[in-house]
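Below: sequence and its predicted model.
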Amino acid sequence: MKKIILLLPLLLFFSCEKSLSQDTKEQMKQNENFWKYRAKINEKNIVEYPVTKDTIIKEKRRNNIHISSKECQLEVLIDDVLLYKLTGDITKQEGSKSFNLDINQLLLTSGTHEIKIRMYPKYGLPLFNNINPLVNLTFFHYENSNFKDQIYFDDMGGSSGIELSASNEHWVDDQGIYGEPGFVEAHYEAKEPIKFEGLPFYEWKKTFEAEVPFNFIGWRSSVNLKKEQEEEKKDIKTELFEEYKRIYKILENKDLQAYLSLVKERENLFKSCLFYEKNEKTLQEIEFTELIKNNDYELQSLFEETFQLEFQGYGKLVMLLNKADGEGIIRLKNRKYPDDIIYMDFRFQRKKKGDKLTLISGNVQQQINLQ
């Protein structure tokens, strides 16, 4: 069984791999349709979110989504920036996968936001079959870091949430207070079924209202890199690869200060959105400090033929993904246990015309194969 967990203290070496493995080539071939259909989906981005409004709240509100899924590969985007994905071999396993995820760091401001759910057949299947997938979403927030009481979004189904499935009914929780006028006992309600069978993918999107006590620009006013590539014929991929090579060199040299300087803007934005104390370190800062000191994982070689250029944030963010598995191209593999891999994702922006690309967003995750 595979699971995704956060980065743990690790040891670091460097791979001497000189050529692309046959397994990777086969995975790339298998994923050709995935990238083709995904490109078609991305062409549909017309309206940009958020639609901002004046921030009126004062409390430290943390907005969250609880996501559970089964029988599919999955991507979740907030305002066209990836929040969560579940792809690859892990989706071949039976049972559902569930996560609670903060979303403040992608909201950036109060207003109308958009969530997009992209569902794909389980890894290895070109089309959805007769075993129908399921995704459940529940939106809520905590006030003033009180993690006991969840306040649900009424416009997103309240505590019952939203179910994306082939079923023609869904479960609705108790409404109101038992014994008082207006109370409605939990029950099933009719809903429109989704016909998945035979589809190569399914996309669902919906706008929702969310409030935060800040108004950060982040990447929202940055240059549209996708337009630069398409209309001005800029070679974004080559320019971006130069930035990845710089990161790779920092890791190769175990230069902790250079890395922390590189990710400073990203970390400061993340900490501000989630109300960290002034000198409090994020888990990723702590774990990367441990990682770069040690020597148990191999930094894997980079092969340009595996690179897939990925635009997010309505074209204002860009990154490189691996065509074989959709993860970041910078990765570290356990020397003793090759199914234990750390993926490092980096998203870049161009703040103003003529500026260099700078890192603004990203994440680190570890995938372990548990026998």
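Yes, it's here.

Ser167 reaches Lys195, doesn't it?
No. If you go by CB atoms under 8 Å, Ser167 and Lys195 don't touch, sitting 11.6 Å apart. For the C-beta atoms, the positions are set from N, CA and C on the backbone; glycine is no exception.

ok, these two, which is more surrounded?
Legend: neighbour count by other CB atoms under 10 Å for Ser167 and Lys195, higher for Ser167 (16 against 11).

for that one, what are its contacts?
191, 193 (CB atoms under 8 Å, 6 or more residues apart in numbering).

three-state assignment of it?
coil (DSSP: H, G, I helix; E, B strand; the rest coil).

And it, what's its pLDDT?
Looking at Ser167, its pLDDT reads 95.

cool, and the one 5 residues further on?
On pLDDT, Val172 comes in at 86.

same question, Thr238
97.

Can I take it that it is in a helix?
Yes. Judged by three-state DSSP, Thr238 forms part of a helix.

Distance of it relative to Lys245?
Taking CB to CB, to the nearest Å as the measure, Thr238 falls 11 Å from Lys245.

One more: His113?
The gap separating His113 from Lys245 is 35 Å, by CB to CB.

which of these two has more neighbours?
Legend: neighbour count by other CB under 10 Å for His113 and Lys245, higher for His113 (22 against 12).

So the more buried one is in contact with Thr52, correct?
No. Applying CB under 8 Å as the test, His113 and Thr52 come out as separate, 9.8 Å apart.

tally of neighbours for Asp149?
By other CB under 10 Å, 9 other residues sit near Asp149.

what are the ranges of the strands in the stretch 101-250 of the chain?
Along the stretch 101-250 of the chain, counting by DSSP state E, counting those that start in this stretch, strands occupy 111-120, 134-142, 151-152, 162-165, 169-172, 187-190, 202-210.

mind checking which of those strands is nearest Lys40?
strand 202-210 (9.8 Å; CB to CB).

name the helices or strands packed onto that closest one?
If you count contacts as 3 or more CB pairs under 8 Å, 6 or more residues apart in numbering; DSSP states H and E, strand 202-210 packs onto strand 111-120, strand 162-165.

Kindly recompute the last result at 7 Å.
In terms of contacts (3 or more CB pairs under 7 Å, 6 or more residues apart in numbering; DSSP states H and E), strand 202-210 is packed against strand 111-120.

buried residues in the strand it packs on?
With burial defined by 16 or more other CB atoms under 10 Å, the residues of strand 111-120 counted as buried are 111, 113-120.

Can you tell me which of the residues you listed is closest to Met156?
Set against Met156, the nearest of the buried residues of strand 111-120 by CB to CB is Ile115 (8.4 Å).

Contacts only, for the closest one.
78, 205-206, 208 (CB atoms under 7 Å, 6 or more residues apart in numbering).

Columns distance to Glu290, neighbour count and pLDDT on top of these, output as CSV?
Listed next are these as CSV, based on distance: CB to CB, whole Å; neighbours: other CB atoms under 10 Å; pLDDT from 0 to 100:
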residue, distance to Glu290, neighbour count, pLDDT
Ile78, 30, 25, 98
Lys205, 39, 15, 96
Lys206, 40, 13, 97
Phe208, 37, 17, 98
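
mind giving me CSV with those residues and columns for distance to Arg331?
Listed next are the contacts of Ile115 as CSV, based on distance: CB to CB, whole Å:
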residue, distance to Arg331
Ile78, 25
Lys205, 30
Lys206, 33
Phe208, 34
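
which one of the residues you listed is nearest Gly179?
Taking CB to CB as the measure, Phe208 is the one of the contacts of Ile115 closest to Gly179, at 31.6 Å.

Phe241 versus that closest one, what's the distance?
36 Å.

Any regions of this structure where pLDDT drops low?
Applying pLDDT under 70 to the chain flags the ranges 1-18, 44-45, 294, 364, 366-371.

Domain parsing of it, as residue ranges.
When the chain is parsed with automatic domain parsing, its domains come out as 2-33+221-369, 51-210.
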